[in-house]
Each structure stands twice: as structure tokens, then as C-alpha cells.
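Q: next comes the sequence, and after it the predicted model I'd like to discuss.
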Amino acid sequence: MSKPALYSACSLALLCFLPALPASAAEPADGWQREAAPLLRKYCAGCHNADDAAGKLALDSYAGLLRGGAHGAVVTPGQGDASRMIRLMRATDDTRMPPEGEAAPSVAEIAQLSAWITAGAKGPQGDSPDTTFLVTPDIKPLKTPVASWTDVAVAATGVVAWATGNEVHLLSPQDAAAIEKANAPSSKTARVLGGHRGPVNAITFSADGAWLAVAAGEPALSGEVRLWNVATGQLERVLQGHRDSIYAVAISPDQKLLATGSYDHEIRLWNLQTGAELRTLTGHNGPVFDLAFLAPGDLLASASGDRTVKLWDVASGKRLDTLGQSPQELYALAVTPEGDRLAAGGVDGVVRIWSIERPLREGKSPLRYSRFAHEGPILQLTYTPDGAVLLSSGEDRRVKIWEADRAILRTALENQSGWPTALAVTADSQTALIGRLDGTRQRYDLRQAPPASEVVLEQIDQVPPAVDYGPQPTIAELPRQPESEPNDTPSQPSPLATPGVATGVLDHAGTSDVDYYRFSAKAGDQWILETQAERSKSPADTKLEVLTLTGEPIERLRLRAVRESELEFRGMTSTAAGARLLNYEELLLNRYVYLNGEIIQHFQQRRGPDSDGQFYAVNGKRQAFFDTSSRSHSLGDRCYFVEPYPAGAQFPDNGLPLIPIYFENDDESQQRLGHDSRLTFTAPADGDYLVRVTDARGFSGPDFQYELIVRRPQPDFEVKLTMDAKINAGSGKTFTLTVERRDNFAGPIRVTIDNLPPGLSASAPLLIEAGHEKAGGVLTAAADMTAPTEDQWKAITITATADIAGRQVSKPVNNFGVPKLEPAPKVVLHLEPLPVEGDEPPGPLEVVVAPGGSTRCRLWIERKNFDDRVRFDPENLPHGVIVDDIGLSGVLLPEGETERIIFLSAEPGTPSSRRAFHMTAKVEGNLATPPLLIRVE
């Protein structure tokens, strides 16, 4: 049931509580309000009202009725049957009103309206009538209804307010403790605050506990907030203005403002002291279900049925940001006491937590966590006053307690007896108060909640730690042995010496062949197992598995799914590095995705609805991780955002799967061996293990030959440099460093350039980041330089250095060759920080960006008889930093233009770094700007 349905249920329950009232008390005395207005409101005011006056006729007020419309008067006092409105209601042709297909008044109701007009069509006397007066039938309940608890609030003084029906029960701290322990629905000691219009939907105390604001209303008619003096229990004022029920109310920390949110899609700000309405905030396209001020009170957050959280500037009423990651309606939100984090939840049962970084900028409030919390819509969220704990309740009848800092589940309370619709925490952050739709209540000591069960469980690395096994024989030098048949079952494996090579054939009469091999290993031993079949022209498409001696798979790691997703827009081939995923906003830098047996790693976020997210690739082909194999995926295929943990790891249930990954491989994960297999095995314990070799398709035959190679890992690398064969005087050219990584080496590589000829400079040293394939630099020639000789070019030395298993390994890199020095280009490029006030800091120019933040720099060119457009690509930015706000055309200087400001944005979680980047122009062989330092911190 959705939240609107919840409050509809409460409204029906409230009607059951209301006694039948005499006409003098329940209805105004004038005939307009009693006989005419309810009928006009029911049948006519939907199209004829002050906001939407069809035919310039407004029938939602007495003045509008007498004023008439575009065709003149609609009532003639004293002549009911002759009045135009009555004639149209009784018409039998297409002039009838309301028109065919719409609800129309009965004969008796038309007669009642005509009689009122004949009697003079008298209007209200004295003060203006309440235009939202609701006429309801007198329905007596068949049995005593349950007093459902719809909200609870705790004041700083310890006073507790419980909302039920159209009342609020105000209790002292002592009374509250006694009643809640007794689990009773009411108490003689409770001060009852009543008289609210419609069901009470939300309540809140002011910071000092002196005021209680109560939000209520009648659906489709009006909303109201009543302000009560907590000390005296007296009603201070009633705030009205919304055109529908009010579901949310909040008081600013400085106690100057009150905010209300309604089903009419609007937010209104009021002066708490005077009750004056200050402004209306519009922008939501659905009901506003929750509100919260962010400390110190300058920002207001709103959660809506339009699936968004919006952040507003309180002083101006301007919308500052929209958090649109939720795919379904949002019902609840909570903010930390410091105002630096915001949590929201709703129909999809997911709690999302954003960091609120100031100054606030559109699209720059990073999503920190997304946790599947409830197997049903979330009803309430609240932080403890000390900010250490987040509590959530849902329609799955669960209340969950989370460690706030990392959004880790500490415990889930026992199943509740009814929906936990009321949730609050005492001022000392020690006790949670829970109220339910079945009329029961509970106090829970938060100190009893166990600590987060995941506190000591760390995610594992994608490759095992490198081990130096010393010099190893080449594959050609390894001992070779043929398989010994029969070896088709775990009980009859062929022995396998390690390191070594086994030769075999997948051939078995009438069935597909399976070959087993047995080898020994000690705990922690690392072995690389690979096949050579396709590379030797064999038709075999091998698959490798490492098993126990009984043939059971061995778990390598366990994936914990944290978000469900699916492929959007199109499918994904086995080589494609780009894809569009549902809920992509929640996929952070370097996070893993599990796609039907394949694990891929997120490299770069989507830049908008028309672009793909990028995943790690090698030589342009998507890379799989943990020795899974790349495969094709169809549009709509389900996938999960996952976290890797050690084998056997256990977690509290989050409604998403735990996925075991075993020691197995079909096709080598970097797609460099074709259909041959490669697997890294780390022995979990001393003992013997089995290797199973099969054809992934189940095929076999006498020509399905293969070699099974078992060897020690030898992590290594090789770097190559590429650059255009020409360089222009007074300009720079881009060069690219590409690394080939071997045997799981994933560390960073530092590249230095020495012995440059006079007049040449290069952006060095350069860093190829951990796990990355490329880095780029700029070779710049001075405007007045003399062309270097061939010997000078060849004297340049380029060296790549990395740490492998604790050893520093340096390797030579091919140099630039002998580029030809060309005249100055037609375009000279410049890249620099924007000017700053005051003295420039000493040292090289640089720009600084924070993770999750943005910065700007200036890109400009000197045109020399060149008026065409110039397109640029960024090169060598730190991983996680991108050129933002560029659209589908990229970074472009149109014809005749010479300057552009570019925005650099860092994804949340971008590690601290400092490196030089540049912009490459697609003219004259990839001209480059001078490098500019960028620092992420």
C-alpha cells in the first residue's frame, strides 16, 4: 500500500471516530453553505473554479456564482427553474451540464438547488464562510475502531507527542515511559489536543520544545497546521492555505520558520511567530511527503511522490538541486544534526544517502550509499540526535538500525505486529519509540543493538598479493606429460607435476569428454593454470575448474549485491566497453557489476542520458575480473552492483543475493588468448586439488587437443610509446604510453624522460595509474629551436619503473623516433587556470578539485589564418576527473571563436593525486596545449 493509501485508511478510521453532530454544530446556518455549495463543489467546481474557470465561470465561491460567466448570469434569484444553470442541468441535448460522461446531480439534488435559488439564492452572512467545509454522512462504526498511531515526536525536554486519528496525545517524560512500556493505546494522564481537520499526518516540536506543530487536512479540500503551546496545551494559531492534505511539517533550527508540504505538490514557508505566509515553493510534480531543514537552517529538503528529493534555498525560495536517483515515489527523509548528509527512502525499499557539500550546486550532491533496506515501501527514517545511528521502518513490518557513518546494518528488530508508521528517538539518543497501525507501541533501547556485523570484514582485491617466486623456467622448459586415461571422473585423475605441462585430447566415444588432473599445493600457494588449444589451431573451446578431491567447486570469493540493475537501451556484446545501466547514478568509481556470470569494473560514469557508462578494457575489449569470462548480454538482462568479500562471508539479509564465485574460467578474462582459458589459483589450505578440463560447448573429438600449463605467476609489464611523426615549432604534440600487464600485475608505473635535445621539453615524469592501460604526455618544441639531429633524437632515454612483489623493476621504453620539425602551426593552444584575486601562488600553475566537486580552467587559441572549428579531447586527467557539461559535441570551439571555459569534475571517491593533463586538438596531427597541473584533494 502506498503512503497516500495509508493516509486514506487513516481518514476512514477517523470518520469512524467522529460522532454525529447536530446541524448547528456541524454545518453553517446559511443555505448557501448547507444546500448549494456542496452540490456545486461536487459536480461543477472541478472545471469552474478560480484557478481554472471554464467559460469564465467560477462556481467555487458565492461571489463567482453571482458574477456569472462569458454568457452572462447563471442564476436568477427568485426564479430557480428559469435560471440558466438549472436549465442546463435538466437539458437532454448536448448542451447539458455537466457534460455526458461526467458525474451529474440527481433529480432531487437539482430540485434542492432550484429551491434555494427560488428562495432568493441567499448567500453567507457576516464573516466569509469556510469554503473547505466537508459534508459527510453520519456513519456509525460497527465496532470500536483501532486507534492507529500515525506519528510520534520527542521534544528536547523529553515531552512526547503521539498522533492518532485527528488527535495528538501529549505526555510528560514519566507518563510516556509508563504508557509505552505498558503498550497501551491511551492514558488518563495524556493531554489530548484535538479538533484537527482530518487525520493528523505529521507532528514536530520546535528546537526548544515550546511549540508543537500538527499537520492535518481533508483530501482534495484543504490542509492545515495547528500550533500548540506545549506548556499550556493551548492552541496558538491555525495556518491554512494548502488545497489538499498536509503530509509534512518542519520547524527551522532557529525557530523562525515553519515549512509545510502537501498533496497539492506545494511547499509553503510561514513565519512561526506571526503565522504569516512568506512564500510558496513550486517545482515538485507529485505530493510532498516529507520535509527537513538542514543545519544551520538555510536549506530545506523535500521528498516527493515525483521520485525526487529537492533542496531549496530558504531565503530566496530557489531550488538549488534535485536528487533524482530514486525510480519510485519517496515517502521519508532524514538529515544528520550537522546537515552534511541526507537520507531518503520510499516505494522501492532502498535507503539512499547523499553528502550535502556547500556551496550547493546543481548535480553536485554525491550519492554516498544505496542500501536495500526493506522488502516493501519505507515508511519512516530518522537519525539519532547524536548522528551515530539511522533508523528505518517499512511496510514489511520491520524496523532496522543502521550505523550512520557507513550505512551498515546493525540489527533488524523482530517483526512488528503492524506497520511501524510512527518512529522517533529520545533526545539522549538511547531510546527509539515505535508506534504501529494496530494501535500498539514500543520502546527499544538502542544500546542493546549489536555493533555493525561488517566492521572487521574488508573487501578483497581483484588480484592476490604479488609473490616473488624467483626465476622460473619458460613454458618450453617445463616437464611435459600426456594425460593417462581413464581420467574422466574425480576418482581417476591423471597425476600432474607442478610446474608442468599436461597434453590431452577431449575425445570420448558417444559423449563429451571430461579430463581430471590431480596436483598438490600448500596454503597460500599461487599457481597460474592455462590452456593452449585455439592458439595451436585446435577446435577445442576449453574451460578450466579447480575442485576438491570429491569434485566439488571451491569458492574463491563471495559477492554481496547492494543494488539491482538491468541493461537499458541496447544489449552488450562480449567486447563492448560501454553500456547503459538502470540506476547508473549509484554506480561509483571502480565499483563492480555482476552480469550473468561476468564481473566487470566501472571505469567512468555516464555523462548524461545519451551516453554510455564505461568499464575497464584492454586493447579496446572489455575486461572481466576475478577470472570470469566476457560474454554477450541482452537488453533487459538483470545485473547487480556488487562488493567482493572473502569466501564464506555472511551478512545480514538485504533482500539481494550473495553470489559465490568459484575457481573457474572459460575464456581468459582480458580476451588476449581467444577461447583459451587462464585461471589464477590460490590454495586455501594444504592438500591435493583437482583440475577439470572440458569443452565449454560440450563438444569433443580426436582433434580437440590441448595443453594444460601449470606455472608460477611472473608479474611483469612492458611499456610502448607512440607519437605523430611530426612536431611543430612553438607547439606541442601528444604522445601516448601503453602498458601490457602480465600475470596479474596491476600496480602503478612511473615513466621518466631524459636527455632531451635543447629546445624540447616533455611532461614528465608520467604515471600510468594502477590497473590502467594508458597515460599521455606532451612533447613541446620551442619556437626558435633548431631541428635535433638523428643522434640527438636517439639519445633520448625513456624508462618505466614499478614495484613488483617488493622489488623495484625498471625497463627501457622505445623513444620518440626521429620526428620531423615543422613550421609553427596555424593554431596555437593555451590552457590555464582562471585568474584568481590577489597574488598568484609561487610554483607552477595548477587547478585544484575536491572529490565530488568541480573546478574551472580557461582554454584559448591563437588563430593564424585558420577559421575552422576546433574539437578537443582531454588527455591524462586523473582517474575519476572528467571534463563536464560538454554535451554531445564534446569540447568544441566553433568557427571564429577563440576561448572557452571548461569545467573539471571529480567523481565521489576520486583518490588524492597530482598530475599534469592537457587538451589535444584534432588539427595538424593532434596538437596539444601545454600541460596544466591538477591536484585532487
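A: Done, it's in.
Q: residues touching the residue nearest to P337 when sequence neighbours are not counted, list them.
A: Nearest non-adjacent residue to P337, counting by Cβ to Cβ, 6 or more residues apart in numbering: G387, 4.8 Å away. From N, CA and C alone the C-beta is placed, and that goes for glycine too. By Cβ atoms under 8 Å, 6 or more residues apart in numbering, the contact set of G387 is 336-338, 404.
Q: Produce a ChimeraX select command limited to the buried residues of these.
A: Per 16 or more other Cβ atoms under 10 Å, the buried members of the contacts of G387 correspond to this ChimeraX selection:
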select :336,404
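Q: narrow the contacts of G387 to those in strands?
A: Counting by DSSP state E, none of the members of the contacts of G387 fall within strands.
Q: would JSON lines of the contacts of G387 with distance to V827 and pLDDT be doable?
A: Below are the contacts of G387 laid out as JSON lines (distance: Cβ to Cβ, whole Å; pLDDT from 0 to 100):
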{"residue": "T336", "distance to V827": "51", "pLDDT": "97"}
{"residue": "P337", "distance to V827": "54", "pLDDT": "96"}
{"residue": "E338", "distance to V827": "50", "pLDDT": "95"}
{"residue": "A404", "distance to V827": "53", "pLDDT": "94"}
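Q: ok, back up a step: check which helix or strand the residue nearest to P337 maps to.
A: In the assignment (DSSP states H and E), G387 maps to no helix and no strand.
Q: bridged to the residue nearest to Q532 when sequence neighbours are not counted, which residues?
A: The shortest distance from Q532 to any non-neighbouring residue, by Cβ to Cβ, 6+ apart, is to E707 (4.4 Å). On DSSP bridges, the residues paired with E707 through beta bridges are T503, Q532.
Q: burial measure for E707, as a count.
A: By the measure other Cβ atoms under 10 Å, the count of residues near E707 is 19.
Q: am I right that G69 is in contact with C44?
A: No - applying Cβ atoms under 8 Å as the test, G69 and C44 come out as separate, 11.3 Å apart.
Q: spatially central residue in this structure, please.
A: Most central in the chain under Cα atoms, centre = their mean is E586, positioned 3.3 Å from the mean C-alpha point.
Q: for T474, give me its contacts.
A: Contact partners of T474, counting by Cβ under 8 Å, 6+ apart, are absent.
Q: gap between it and G674?
A: Separation of T474 from G674 (Cβ to Cβ, to the nearest Å): 21 Å.
Q: show me where pLDDT drops low in the protein?
A: Scanning the chain for pLDDT under 70 picks out 1-30, 125-138, 178-189, 452-457, 608-609, 836-844, 885-889.
Q: domain assignment for it?
A: For the chain, automatic domain parsing gives the domain ranges 19-118, 149-448, 716-822, 827-936.
Q: okay, the ones you listed in JSON lines with distance to A533 next?
A: Below are the domains of the chain laid out as JSON lines (distance: least, Cβ to Cβ, whole Å):
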{"stretch": "domain 19-118", "distance to A533": "72"}
{"stretch": "domain 149-448", "distance to A533": "42"}
{"stretch": "domain 716-822", "distance to A533": "20"}
{"stretch": "domain 827-936", "distance to A533": "36"}
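Q: and the residue nearest to A466 when sequence neighbours are not counted, how close does it get to F625?
A: The shortest distance from A466 to any non-neighbouring residue, by Cβ to Cβ, 6+ apart, is to A805 (4.0 Å). Look at A805 and F625: by Cβ to Cβ, they are 21 Å apart.
Q: for the stretch 251-400 of the chain, which segments count as strands?
A: Assigned by DSSP state E, counting those that start in this stretch, the stretch 251-400 of the chain shows strands spanning 257-262, 267-271, 277-281, 288-294, 299-304, 309-313, 319-323, 330-335, 341-346, 350-355, 367-372, 378-383, 389-394, 399-403.
Q: tabulate these (JSON lines), appending distance to F866 and mean neighbour count.
A: Shown next, in JSON lines, are these (distance: least, Cβ to Cβ, whole Å; neighbours: other Cβ atoms under 10 Å):
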{"stretch": "strand 257-262", "distance to F866": "57", "mean neighbour count": "26"}
{"stretch": "strand 267-271", "distance to F866": "53", "mean neighbour count": "21"}
{"stretch": "strand 277-281", "distance to F866": "50", "mean neighbour count": "15"}
{"stretch": "strand 288-294", "distance to F866": "51", "mean neighbour count": "26"}
{"stretch": "strand 299-304", "distance to F866": "48", "mean neighbour count": "27"}
{"stretch": "strand 309-313", "distance to F866": "45", "mean neighbour count": "21"}
{"stretch": "strand 319-323", "distance to F866": "41", "mean neighbour count": "19"}
{"stretch": "strand 330-335", "distance to F866": "52", "mean neighbour count": "26"}
{"stretch": "strand 341-346", "distance to F866": "50", "mean neighbour count": "28"}
{"stretch": "strand 350-355", "distance to F866": "45", "mean neighbour count": "24"}
{"stretch": "strand 367-372", "distance to F866": "44", "mean neighbour count": "20"}
{"stretch": "strand 378-383", "distance to F866": "58", "mean neighbour count": "25"}
{"stretch": "strand 389-394", "distance to F866": "58", "mean neighbour count": "26"}
{"stretch": "strand 399-403", "distance to F866": "59", "mean neighbour count": "23"}
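Q: quick one: closest of the ones you listed to S491.
A: strand 367-372 (43.4 Å; Cβ to Cβ).
Q: just the residues contacting the closest one, thanks.
A: Under the criterion Cβ under 8 Å, 6+ apart, residues 323, 325, 341, 349-355, 402, 406-407, 409, 562-564, 583, 585-586, 588, 641, 654-656, 908 lie in contact with strand 367-372.
Q: hmm, try it at 6 Å
A: Under the criterion Cβ atoms under 6 Å, 6 or more residues apart in numbering, residues 325, 350-355, 407, 563, 586, 654-656 lie in contact with strand 367-372.
Q: so that strand versus strand 319-323, what angle?
A: Orientation check (axes from the mean of the first three to the mean of the last three Cα atoms, to 10 degrees): strand 367-372 against strand 319-323 gives 40 degrees.
Q: adjacent strands (with direction) for strand 367-372?
A: Note on strand 367-372: by DSSP bridges, its sheet partners are strand 350-355 (antiparallel).
Q: the strand it pairs with to strand 330-335, inter-axis angle?
A: Using the same axes, to 10 degrees: strand 350-355 against strand 330-335 is 40 degrees.
Q: what does strand 350-355 contact?
A: The contact list for strand 350-355, computed with Cβ under 6 Å, 6+ apart, reads 323, 325, 341-345, 365-373, 392, 407.
Q: cool, and stretch 326-345?
A: 3, 289-290, 292, 294-295, 301, 303, 305, 307, 309, 346-348, 351-356, 378, 380-383, 387.
Q: and the strands in the stretch 401-550 of the chain?
A: Along the stretch 401-550 of the chain, counting by DSSP E, counting those that start in this stretch, strands occupy 408-412, 422-425, 431-435, 441-445, 480-482, 494-495, 500-505, 515-521, 526-532, 542-547.
Q: of all those, which one comes closest to E846?
A: Counting by Cβ to Cβ, E846 lies closest to strand 408-412 out of the strands of the stretch 401-550 of the chain; the figure is 37.0 Å.
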